[in-house]
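Q: whatever this is, show me its structure:
(chains A and B)
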Amino acid sequence: MSYEQMNPTIEKILVNIEKVMIGKRNVAELSLVSLLAGGHVLLEDVPGVGKTMMVRALAKSVNANFRRIQFTPDLLPSDVTGVSIYNPKEMEFQFRPGPLMGNIILADEINRTSPKTQSALLEGMEEASITIDGVTHKLNKPFFVMATQNPIEYEGTYPLPEAQLDRFLLKMKMGYPDLQEEIEVLNRAQKVPPIEDLSPVIDLEGLLSLQQEIKEVFVDDTIKRYIVDIVNRTRNHGSVYLGASPRGSIALMKAAQAYAYMFGRAYVLPDDIQYLAPFVLSHRIILRSEAKFEGLFAEEVVNRVVARVPVPVRRLVK
Amino acid sequence: MMKRNFPALLLYSFGFLLLWEWLRPVEQLTDTDNMETFVFFLLISFALSFFRMKWIWQSIIKLLFILFSINRFYYEEGFFQSSWLKSFSKDLMDNIGFLLARQWNDLSNEFRTLLFFILLWLMVYLIHYWLLNRQKIFIFFFMTLVYITVLDTFTLYSAKAAIVRTVITGFAVMGLLTYYRITQKEKVNDDRSILRKWMVPLVGMIALSVLLGIAAPKAAPIWPDPVPYFTAAKDKGGNEGSGGISRIGYGTNDERLGGPFVGDNKPVFMYKANGKNYWKVETKDMYTGKGWIPSGSTPIPFMEGDLVPVYSIPEKVETIKETAEVFFNTNYSSLSFIIYPAGIQKILEVEPKAPDLNKFQIDTTKEKINSFSRDISSYKVDFGIPKYKAVDLMLTTEFDPTVMGTEFYQKYTYLPEGLPLRIKQLTEEITAGKSNWFDKAQAVERYFSNSGYSYDQKKVALPGEQDDYVDQFLFDTKRGYCDNFSTSMAVMLRTIGIPTRWVKGFTGGDFMEYSQGGESRQIYQITNNNAHSWVEVFFPNQGWVPFEPTKGFTNDININYSSGQTSTNNQTPPPAPVKKPQQKDLEETSKTKSKEKSFDFKELWSNTKLFFENNWKLLTLVIVLLAGMTGILYRIRGKWLPFVVMVWYRFKKKDETVGTAYLVLLAQLDRYGIKRKQNQTLRNYAHYIDSFFSTREMTRLTVAYEQYIYHQNLPKGTWKESRKLWENLIKKTIA
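A: Numbering: from 1, shown residues only, chains lettered A, B, ... in the order given. A predicted model of the protein is given here:
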């Protein structure tokens, strides 16, 4: 979409990220969309494709507090959220914040830990607050979680329940770099990782105000209808056991607003919806086992659904 | 700018023709002479323009021509003798003085001619400019039409041919100009084949519209032709009967009948009598094709109290003796002729009294009684009301030289040469099956009442140079007043050999009051509105018998249809003279009208039904054809609709137009064969279209449309910016 002027701030952030990440512009874009829309991202990919690098670059660009949690089977919820420790000097419990108290959190291999710990994280993602020993602690704003899942190893993992997957705005794959890109990666690897040199583009205040502006992006009734049409169809699709919820619709709209904003538009286009639908909806539907056996993926189903829904090209007649 | 080529020549010729149309009426309507010189000047000017001579040479040639023409018009000396130039320049100076002093009337003819030349010069320049620089001529064309039509309406100038010429040249020149505009705008190479492609439909279009215009029925004018008013006003109503609008009343000149009348209720005379009757003034015998003239005649003098030597009613015919007293209205006391009822016997008690008795003179052909004294105010007239018997009237079946002089017969059956044959055919048709003259005359008399003829004083045609007065009325206009009806009947009967003459006079007038004194007589008033004309048919055994063909008029002629017996109480006592209850009449007619109306619906329905029953085949055919044409038009709408749409949208100003226009474009692209898939976003589709046509226009237009539908908010001037893109895309689909 070269004919559109990207939002200059966002453009700068993307450029920043590209300094350390080779290729993968779309992943960067989508992560930003999620960050700007106030959502979270689930990255499903094998290790070593640069997930951490990207998140760090992103955090650096927005001058955010970056934390990383490596999930293991023996990780406890308090390891994530923080814990109250008795301070004998002061004769009281003191709260020591866990890694969840950062702004941008990389939750690595989230499916390796026990559901208990998972839900501690997910509660924080949903409510923007955590409760420890009966005390509710507000999380920082902005709060952005990028969780990763390894799709290869299933042994000793605890797959995230569907209801919890819903908490992620977008789910995407990173994918391998192509040949040229990978060569470039090797080139870069010979030097010092440039991540330390990245300078922030905006501060957290700026990011929050961007988030605020994105809420103002206009979504016409035709577009809303289009969104609902798409989501609705996932519920009736033959291969789908459980379709996307209204939360899916909201997520799609919010993501589209952020995406439109990113491209300097004050209004959402059906194009935005079409592009985002697979990322927003694929982890919100459960396929029938037959469909799974046929090798059908949720992304594919969502794409088929989108292809079925007519694009609105006229004003709604009220 | 255009090259000097054949099309430019065409354009110039059309410009010349259009301008010429302005000059044509000038010659006819003003006293401008030597129009050909001016036309020639136009020709020269256009030619110079066409050859693109330098302006200085052009000016010199034109100036020389002007001077030469002025010299030729106004000066005796030759052009090369410089003496005239001196006087001309002096004249020029004087006239400029007049101009400054605004004494327009004092301008000399030389100067006016010069100004006219200059005006033409300017016009040629303007047309040249319009044609070649602006490439628009519509205003001039339109003004030409207005000019011609106005002249046609309000002056004697007949624009029948001019309008056709103007329409042809105007359309042609506009068509050509459009072609040039388009080729220039679209940067199409000036290709002969394209020109030909353009010319053929253009010529076809012009031919079609002209033919259609000529063939199409034209609405009748909604007001009476104003030309007679103007001419009449100009001539101060001078020569009556010469074709202008006339004032009703008694006139003597009937050489040219026709044209509208205006009413005039000035009283002419009153009479006291026992019942109403028609009053005669004179009769005429020779029909000329346009009107009536009296043939030669000899005056016979006679005295007051003498038997008036008119063609009397034969003894065989029973008459009722009557007397009527006539009082002239004071305004008309200067009339020098006597008004008399049919069957006049004597004129008595003429006032003012002459020392001995008043002397009169009668014209044998016209039967007009002139008085030697000019200011008669009243007189008494004795006359006999004839009581005809139908049996007697029916006796005459053909011309019989033994009872009627051949010369006499020829005189009253005279018809002009070149009288259209169809009058005779019509008469024969009407009188078919009737053997005697009386029946024939009655058949013709009745014919007018029920054959679509109507009485009218206003919308009455004046026969043109080639028209016959009777023929025009009978077959074309079918609208007229007494003169039309009476003349027609007289002429029609003459075509089948029945002698007739044309009588002028007055109808019975309006009842005023009962006369004072014991006698039961009534007083009637006659106004100019009562002026009338009717027909008398000659029966050898009965004399001149009056007939009344005019619709709406009746002349109470006593004809007894019962074979032999005399109907005694027929005439006396006279019919109760009731003042014409006009109001009531009107009411009644309106009542019957409304009745007719309520009938009409039923009739209309049945007529419609009948029409459908009779013509259902044709109707079906027409409907099928129409449906077929509509279908074809619909199928090929991709070919013509865009043009319509483009013109339509050219006049749109609102930014919201983008919305509808874009959808039109989508439909057009669809017809073109590049269909948008249902799930394809506009942007995606626009990319596809742009790569198809290798432009970027669709994408740009789409951005505007996206704002229209997905943002509900259009920046100002969107349509203005997008229209061009839109038009280009539409054009691509029809290229």
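
Q: going by C-alpha atoms from here, please, whenever you check contacts or count neighbours.
A: Fine.

Q: what sits against residue 267?
A: Unless you meant another one, I'm taking chain A. A:217-220, A:257, A:260-261, B:707, B:710-711 (CA atoms under 8 Å, 6 or more residues apart in numbering or on different chains).

Q: hmm, I had chain B in mind actually
A: Applying CA under 8 Å, 6+ apart to B:P267 gives the contacts B:329, B:525-528.

Q: tally of neighbours for B:L641?
A: Counted by other CA atoms under 10 Å in any protein chain shown, the residues lying close to B:L641 total 15.

Q: cool, the one 10 residues further on as well?
A: A total of 8 residues lie near B:F651 under the criterion other CA under 10 Å.

Q: now it: how far from B:R24?
A: As for B:F651, its distance to B:R24 is 38 Å (criterion: CA to CA, to the nearest Å).

Q: with B:Q668 instead?
A: When distance is defined by CA to CA, B:Q668 is 50 Å away from B:R24.

Q: who's more crowded, the two?
A: B:Q668 (22 against 17).

Q: neighbouring contacts of the one helix or strand the more buried one maps to?
A: Secondary-structure element containing B:Q668, defined by DSSP states H and E: helix B:657-672. With CA under 8 Å, 6+ apart as the contact definition, helix B:657-672 has outside contacts at B:638, B:642, B:649, B:675-676, B:704-705, B:708-709, B:718-719, B:722-723, B:726, B:729-730, B:733.

Q: after that helix, next one along is what?
A: The helix or strand immediately downstream of helix B:657-672 is helix B:682-693, counting by DSSP H and E.

Q: which strands and helices sit next to that next one?
A: Helix B:682-693 is packed against helix B:697-706, with contacts defined by 3 or more CA pairs under 8 Å, 6 or more residues apart in numbering or on different chains; DSSP states H and E.

Q: how about the residues of chain B by chain A?
A: Counting by CA under 8 Å from any CA of the partner chain, chain B comes close to chain A at B:678-684, B:706-707, B:709-712.

Q: if we can go back for a sec, now, among the contacts of B:P267, which is nearest to chain A?
A: Each of those was scored against chain A by CA to the nearest CA, and B:N528 proved nearest at 73.8 Å.

Q: for the residue in the stretch 101-250 of chain A that chain B sits nearest to, which non-adjacent residue is spatially closest?
A: Closest approach of the stretch 101-250 of chain A to chain B (CA to the nearest CA) occurs at A:D220, with a separation of 5.3 Å. By the measure of CA to CA, 6 or more residues apart in numbering or on different chains, the closest residue to A:D220 outside its immediate chain neighbours is B:Y710, 5.3 Å from it.

Q: can you map out the helices along chain A?
A: Listed in chain order, the helices of chain A (DSSP state H) span A:8-20, A:25-36, A:51-61, A:77-81, A:115-127, A:162-165, A:179-189, A:204-215, A:221-236, A:246-262, A:270-281, A:289-293, A:298-308.

Q: in terms of mean pLDDT, which of these ranks lowest?
A: For these, mean pLDDT drops lowest on helix A:162-165, to a mean of 77.

Q: could you say what helices and strands that one packs with?
A: Counting contacts by 3+ CA pairs under 8 Å, 6+ apart, helix A:162-165 packs against no other helix or strand.

Q: mind listing what's buried along that helix?
A: By 16 or more other CA atoms under 10 Å in any protein chain shown, the buried positions in helix A:162-165 come out as A:L165.

Q: and that helix, how far out from the chain's middle?
A: 14 Å (CA atoms, centre = their mean, to the nearest Å).

Q: likewise stretch B:55-65?
A: Averaging C-alpha coordinates over stretch B:55-65 and over its chain gives two centres that are 45 Å apart (CA atoms, centre = their mean).

Q: could I get the buried residue list for it?
A: Along stretch B:55-65, these residues count as buried under the neighbour rule (16+ other CA under 10 Å): B:58, B:62-63, B:65.

Q: restricted to helices, list these.
A: Among the buried residues of stretch B:55-65, DSSP H puts B:58, B:62-63, B:65 in helices.

Q: report the closest residue of the stretch 301-450 of chain B relative to chain A.
A: Per CA to the nearest CA, B:N450 is where the stretch 301-450 of chain B lies closest to chain A, at 63.4 Å.

Q: what is the burial count for that residue?
A: Applying other CA under 10 Å, I find that B:N450 has 9 neighbouring residues.

Q: phi, psi of it?
A: For B:N450, the backbone dihedrals are phi -140, psi 40 (criterion: degrees, to the nearest 10).

Q: give me every residue that touches it.
A: B:N450 is in contact with no residue at all, counting by CA under 8 Å, 6+ apart.

Q: how near is it to B:D264?
A: As judged by CA to CA, B:N450 and B:D264 stand 28 Å apart.

Q: now B:Y414
A: As judged by CA to CA, B:Y414 and B:D264 stand 34 Å apart.

Q: between these two, tell me which one has more neighbours.
A: Neighbours per residue, other CA under 10 Å: of B:Y414 and B:D264, the larger number sits with B:Y414, 19 against 14.

Q: pLDDT wise, what is the residue nearest to that one when sequence neighbours are not counted at?
A: Excluding its sequence neighbours, the residue lying closest to B:Y414 (CA to CA, 6+ apart) is B:M286, at 6.6 Å. pLDDT, B:M286: 85.

Q: quick check: phi and psi at B:M286.
A: Per-residue torsions, B:M286: phi -120, psi 120 (degrees, to the nearest 10).

Q: and the nearest residue to B:K366 once chain neighbours are set aside, what does it touch?
A: Leaving aside its sequence neighbours, B:K366 sits nearest to B:T283 (CA to CA, 6+ apart; 4.7 Å). B:T283 is in contact with B:294, B:365-368, B:501-504, counting by CA under 8 Å, 6+ apart.

Q: quick one: which of these has the most company?
A: Neighbours here mean other CA under 10 Å. Within these, the largest count is held by B:R501, at 30 neighbours.

Q: how much space between that one and B:N541?
A: When CA to CA is the yardstick, B:R501 and B:N541 sit 17 Å from each other.

Q: and B:L29, how many neighbours?
A: Other residues lying near B:L29 total 12 when counted by other CA under 10 Å.

Q: which non-adjacent residue is nearest it?
A: Sequence neighbours aside, B:Y157 is the residue nearest to B:L29 in space, at 7.1 Å (criterion: CA to CA, 6+ apart).

Q: and B:L725, by the same measure?
A: For B:L725, the spatially nearest residue (CA to CA, 6+ apart) is B:E697, at 5.5 Å.

Q: name the residue of the stretch 251-400 of chain B that lies nearest to chain A.
A: Among the residues of the stretch 251-400 of chain B, B:P260 lies nearest to chain A; the distance is 63.2 Å by CA to the nearest CA.
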